[in-house]
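A.B. asks: Build me a model:
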Amino acid sequence: MRLVVVGCAGSYPGPDSPASCYLLEEQDGAGRTWRILLDLGSGALGALHRYADPLAVDAVFLSHLHPDHCMDLCGYHVLRRYHPSGAQPRLAVHGPEGTAGRMAVAYGLDPDPGMTEEFDFLDHRPSVEVGPFVVEAVPVVHPVPAFGFRVTAGGRTLAYSGDTGPCAGLDRLADRADLLLAEASFRSEDRNPPDLHLTGADGGRAAAAGGVGRLVLTHVPPWHDPDLAMAEAKSQYDGEISLATTGATYLV
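C.D. replies: I've put the predicted structure just below:
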C-alpha cells in the first residue's frame, strides 16, 4: 500500500502545505491500481493533481466535516460535473451523517439535488471494501462527529487518527498498525481543551501502547514548531518517527 501526503497542515492551509488529504494506492490481483482519499481539506484538490488524476480516484473517506478536512469537495464537485471529458460516474463519498447537506450548503446549492449527481454520499459503516482496501471507520472524540480510519490491504494496516483527543477510539486505531498517521495539533506545555486534538506526546504514547511499526505526525498548525511535536513524540515512543510533509510517500 502506498501513502502519498497530499496535504498535512493543521486547521487551515499553511505556507508549505494544503490542509488534510492523504492518497492511498494499491493494486489488486489483476494488476489494477485502486485509489482512495482520506479527507479532502482546504487547498488539497489542486495539489492532488501532482500525484494522481483526480478522475481516477475510487472513493473518498471524510473523517469529519470541519473545512480543513472536507471543503475541497466543493471544487471536486465542479471538476466532476464540468470536466471536458464528459459526465463522470457518481463517486462514493463516505462521511458522517449529514455530509450531503453540509456540502450543498457550503457551495450554496439547493439540497435537492445538491452534489448528489456527482457523489454517492454514504454514512460511515464499521467496515467498507473498496477494491483491495478494507476501510474501518472508528469513532473518535472531537467537537463534531468524527472518525479515524484503519485501512488494510495486502496484509498491512495504516491507521489515521483524523482529529481527536486521546480516547479509546485512538487506541483501537493504533493497535498493531504498521503505520500510524497521527495528528499533533497541541503542545503539552499549553493548557489544552479536552477532547479536541492530540499533542506529539499523545501520538507517541498511542504508538507505543499499540505496538505501531512507524509513527508519522501530521496536522501541525502553522503557528507551532513541528520539531517540538517530534521531540514530544520521541519522548514517548522509541520506534521510527517522521513528520508528514506534502508530497512525502510511504510504503506500508
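
A.B. asks: buried set for stretch 103-115?
C.D. replies: Neighbour-count burial for stretch 103-115 flags Met103, Ala104, Ala106, Leu109, Gly114, Met115 (criterion: 16 or more other CB atoms under 10 Å). Where C-beta positions appear, they are placed from N, C-alpha and C, glycine not excepted.

A.B. asks: Give me the residues contacting stretch 121-131.
C.D. replies: Identification of contacts with stretch 121-131 by CB atoms under 8 Å, 6 or more residues apart in numbering yields 26, 28, 32, 34, 36, 58-59, 61, 92-97, 99-100, 103, 115, 134-137, 147.

A.B. asks: And stretch 169-179, end to end?
C.D. replies: 16 Å (CA to CA, to the nearest Å).

A.B. asks: Distance from the chain centre to it, please.
C.D. replies: In terms of CA atoms, centre = their mean, to the nearest Å, the centre of stretch 169-179 is set 15 Å apart from its chain centre.

A.B. asks: mean confidence score for it?
C.D. replies: Regarding stretch 169-179, the rounded mean pLDDT is 98.

A.B. asks: With stretch 97-109 instead?
C.D. replies: Rounded mean pLDDT across stretch 97-109 is 97.

A.B. asks: just how off-centre is that stretch within its chain?
C.D. replies: Taking mean C-alpha positions (CA atoms, centre = their mean), stretch 97-109 and its chain are 19 Å apart.

A.B. asks: would you list every one of the helices in the stretch 1-150 of the chain?
C.D. replies: Secondary structure of the stretch 1-150 of the chain (DSSP state H, counting those that start in this stretch): helices located at 44-48, 67-70, 73-82, 99-106.

A.B. asks: tally of neighbours for Phe149?
C.D. replies: By other CB atoms under 10 Å, 27 other residues sit near Phe149.

A.B. asks: isn't it right next to Gly162, touching?
C.D. replies: Yes: counting by CB atoms under 8 Å, Gly162 is a contact partner of Phe149 at 7.1 Å.

A.B. asks: shared neighbours, the two?
C.D. replies: Ser63.

A.B. asks: Type out the PyMOL command that picks the buried ones from the contacts of stretch 121-131.
C.D. replies: Only the buried entries of the contacts of stretch 121-131 go into this PyMOL selection, using 16+ other CB under 10 Å:
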select buried, resi 26+34+36+58+59+61+92+93+94+95+96+99+100+103+115+135+136+137+147
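
A.B. asks: Enumerate every residue touching Asp39.
C.D. replies: Ser20, Cys21, Tyr22, Phe61, Leu62, Ser63, His69, Cys70, Gly162.

A.B. asks: one more time with 7 Å
C.D. replies: Residues counted as contacts of Asp39 (CB atoms under 7 Å, 6 or more residues apart in numbering) are Ser20, Cys21, Tyr22, Leu62, Ser63, His69, Cys70.

A.B. asks: Same check on Met115?
C.D. replies: So Met115 contacts His77, Ala100, Met103, Ala104, Leu109 (CB under 7 Å, 6+ apart).
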